[in-house]
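Trainee: Have a look; sequence and predicted model below, questions after that.
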Amino acid sequence: MAADAFIDVENLSVLFPLYHGSSRSLKKMVVAAASGRLGKDQQQRVVVRALSDINLHLESGVRLGLVGSNGAGKTTLLRVLAGVYEPVLGRLRVKGSLNALLDPNLGMNMELTGRENILLRGLYNGLPRSSLPRLEEDVADFAELADFIDLPVRIYSAGMVVRLGFALATAIKPQILLMDEWFLAGDAVFMDKARTRLEAMVRGADILVLSSHSTEIVRTWCSRVLWLDQGKIIADGPAEDVLDRYLGSVPQHPVAALA
Amino acid sequence: MSSAVTTIAPATELDLRADMTIATRNRWAVADIAGGLKLWRLAWALGWLDIRLRYRGSMLGPFWLTISTGVMVAALGILYSTLFKISVRDYLPFLALSQVLWGFLAALVSEACTTFTDAEGVIRSVRMPFFVFSMRALIRNIVALGHNIVVIVVVFAVFSMWPTWEALLALPGLLIWIIDGLALTLLLGAFCARFRDIQPIVNSVMQIAFFMTPVIWKPDQLGAAGIAKLPLNPFFDLLEIVRGPILGSDVMLMTWVGALLYSAALWAISWAFFVRARGRVTFWI
């Protein structure tokens, strides 16, 4: 596998059109066009600037943490890096195999058995048939499914579903690992077990991009931190520097700050 | 060191920019279709899964499709052969075939509208060729058609009407259906993601088309002048290129010309729209 994975983001912006009410309806658009209002409508279309003028270059070996408040654009940036949202302005270049852990239950179907879900995930990832038994064994092992593997996921305990989702998501080893914060949530017993597996995966990845609210998690896993606010980069630099500035700016006790 | 994690993700290379030329957009659309075809096993699994889940917990499973189609054909067959004063023997095989084929077309057109909106969760969390979901919708409907074919076989057997070798001429027609079906899912899938009031419009268009097209009535009931005008109806052309050969009736040259022209137009429109919409669909769903 080529070792030269990289991510390059140039002047990237993502704008979300807010479709609501009449802009969702073809009939109303046609009526508006007929009465000469369409041009105006297009100009006045409400958009949300989710990411604004982002520049970022990540080489092999980078462990990047994304911090920022809710709605700062962390998840959107992960989705852009994963190629889900295509840039509305600017350019994105990505090289290297990529795995984005964004949705814990991606493509999981509660009506299917554990085994069928594992095979389906293999298909989603376009894995060759020969690697499927290996995947199945690995996931079933970690999720401790045992005899439940041939029963529908619907009857699993909540803990088993979490373990299965986690095992599936972490079964595939990428060069570029994009991870959302949900991934580090879970009860303590599970996290102990999950941590080892996740650490192995992170060590194996060339590039890690991790989004989290917890500065502790970012401090542990990341060497570089990108601070986003309202879709703009506020700071980008060594983890300690940026985190200190970030913590300095965020009220530590929101309740006290309000008072 | 990391023995637990051994499965390697397939390599990707992306170069996405906002100011793409039409040529680049075309290349991405072609790459989408090529990538989708590579994932045919996934599309196949998802298509079958849709059918299985739709009928989960029912004893007969997908054969409910067969039974409901069978009952409808039997009831309509007896009613309309009386109304039209045609013998059941002449009418029922025609109706069974027409009804099953039309059922496939109508369901495919209607479900094309939700091709992408149904897959919202997946589309928003991984980059995946949109064509996979098109293939999924098509495969799902072909599986349903496969179950309904039983009705045709039973009716043909009851009246001991066996198709001749000529029936093989239906195969090129079926190929056109597959190609058109994929175009339609790309077009309507993207268009309906943007405009949510399209699906009801599409359904009412199909309702009108059902009555305007010889599905339950026979083309020759129109008389010579009417038959000559039928190829103008795209639904008639497409239906007839498959139905005609199986019934052993001659397909007019104009019907084939119409079917090919309408298909070419459908692909041209679908492609032009998909090339522009591909990068935007994720924002719409």
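Mentor: Nice, I can see it.

Trainee: can you give me the strands for chain A?
Mentor: Along chain A, the segments classed as strands by DSSP state E run A:6-17, A:47-58, A:63-67, A:89-95, A:98-101, A:172-173, A:176-179, A:207-211, A:224-229, A:232-238.

Trainee: Counting neighbours, which bits of the fourth one end up buried?
Mentor: So the one you mean is strand A:89-95. Neighbour counts over strand A:89-95 (16 or more other C-beta atoms under 10 Å in any protein chain shown) mark A:L89, A:G90, A:R91, A:L92, A:V94, A:K95 as buried. To be clear about C-beta, it is placed using only N, CA and C from the backbone, and glycine gets the same treatment.

Trainee: close to chain B, is that strand?
Mentor: Yes - contact between strand A:89-95 and chain B, assessed by C-beta under 8 Å from any C-beta of the partner chain, occurs at A:L89, A:G90, A:R91, A:L92, A:R93, A:V94, A:K95.

Trainee: Now do that strand: everything it contacts.
Mentor: Strand A:89-95 is touched from outside by A:4-13, A:15, A:53-54, A:80-81, A:83, A:86, A:176, B:12-18, with contacts defined as C-beta atoms under 8 Å, 6 or more residues apart in numbering or on different chains.

Trainee: How many residues are close by the closest residue to A:V46 other than its chain neighbours?
Mentor: Among residues not flanking A:V46 along the chain, A:L18 sits closest, at 4.4 Å (C-beta to C-beta, 6 or more residues apart in numbering or on different chains). Per other C-beta atoms under 10 Å in any protein chain shown, the neighbour tally for A:L18 reads 11.

Trainee: do the same with B:R278
Mentor: Neighbourhood size, B:R278 [other C-beta under 10 Å]: 20.

Trainee: quick one: it and chain A, what's the gap?
Mentor: To chain A, B:R278 is 8 Å away according to C-beta to the nearest C-beta, to the nearest Å.

Trainee: How about the contacts made by the closest residue in space to that residue that isn't next to it in sequence?
Mentor: Closest residue to B:R278 in three dimensions, ignoring its sequence neighbours and counting by C-beta to C-beta, 6+ apart: B:A29, at 5.6 Å. Shown in contact with B:A29 (C-beta under 8 Å, 6+ apart): B:W271, B:F274, B:V275, B:R278.

Trainee: which SS state does B:A29 fall under?
Mentor: Three-state call for B:A29 (DSSP: H, G, I helix; E, B strand; the rest coil): helix.

Trainee: before we move on, the earlier item: closest to A:P128 out of the contacts of B:A29?
Mentor: Nearest to A:P128, judged by C-beta to C-beta, of the contacts of B:A29 is B:R278 at 26.8 Å.

Trainee: The closest one touches B:R25, doesn't it?
Mentor: Yes - counting by C-beta atoms under 8 Å, B:R25 is a contact partner of B:R278 at 7.4 Å.

Trainee: All the helices of the stretch 101-250 of chain B, residue numbers only.
Mentor: B:120-125, B:131-158, B:170-194, B:198-212, B:224-229, B:234-247 (DSSP state H, counting those that start in this stretch).

Trainee: Pick out the shakiest of the ones you listed, pLDDT-wise.
Mentor: Lowest mean pLDDT within these: helix B:224-229, a mean of 84.

Trainee: what does it rub up against?
Mentor: Contacts for helix B:224-229 (C-beta under 8 Å, 6+ apart): B:P219, B:D220.

Trainee: tell me the contacts of B:M161?
Mentor: B:P93 are the contacts of B:M161 under C-beta under 8 Å, 6+ apart.

Trainee: Distance of it relative to B:F94?
Mentor: Distance of B:M161 to B:F94, computed by C-beta to C-beta, to the nearest Å: 10 Å.

Trainee: Likewise for B:I67?
Mentor: Taken as C-beta to C-beta, the span from B:I67 to B:F94 is 21 Å.

Trainee: one step back: which one of the strands of chain A has the poorest average confidence?
Mentor: strand A:172-173 (a mean of 82).

Trainee: All the helices of the stretch 51-200 of chain A, residue numbers only.
Mentor: A:74-81, A:114-124, A:132-143, A:158-169, A:188-204.

Trainee: ok, back up a step: wait, the residue nearest to A:V46 sits on A:V48?
Mentor: Yes - distance between A:L18 and A:V48: 6.2 Å, which falls inside the contact criterion (C-beta under 8 Å).

Trainee: How about the most centrally placed residue in chain B: what's its closest non-neighbour residue?
Mentor: For chain B, B:L108 is the residue whose C-alpha lies nearest the centre (C-alpha atoms, centre = their mean; 3.8 Å). Using C-beta to C-beta, 6+ apart and skipping residues adjacent in sequence, the residue nearest B:L108 is B:N141, 4.6 Å away.

Trainee: ok, how many other residues are close to that neighbour?
Mentor: For B:N141, using other C-beta under 10 Å, the count is 26.

Trainee: which residues does it contact?
Mentor: Residues counted as contacts of B:N141 (C-beta under 8 Å, 6+ apart) are B:F104, B:A107, B:L108, B:E111, B:G181.

Trainee: Kindly recompute the last result at 7 Å.
Mentor: Contacts for B:N141 (C-beta atoms under 7 Å, 6 or more residues apart in numbering or on different chains) come out as B:F104, B:A107, B:L108, B:E111.

Trainee: Counting neighbours, what do you get for the residue nearest to the first one when sequence neighbours are not counted?
Mentor: Excluding its sequence neighbours, the residue lying closest to B:F104 (C-beta to C-beta, 6+ apart) is B:L145, at 4.4 Å. Neighbourhood size, B:L145 [other C-beta under 10 Å]: 19.

Trainee: Equivalent analysis for B:L46, please.
Mentor: Counted with other C-beta under 10 Å, B:L46 comes out at 24.

Trainee: Need the residues that contact the helix or strand hosting it.
Mentor: Per DSSP states H and E, B:L46 falls inside helix B:40-54. Here helix B:40-54 makes contact (C-beta under 7 Å, 6+ apart) with A:E111, A:L120, A:L123, A:Y124, B:P62, B:V132, B:M135, B:R136, B:I139, B:R140, B:V143, B:A144.

Trainee: now swap in stretch B:93-108 and tell me
Mentor: B:69, B:72-73, B:76-77, B:141, B:144-145, B:148-149, B:151-152, B:155-156, B:159, B:161, B:181, B:184, B:206, B:210, B:215-216, B:218, B:239, B:242-243, B:246-247.
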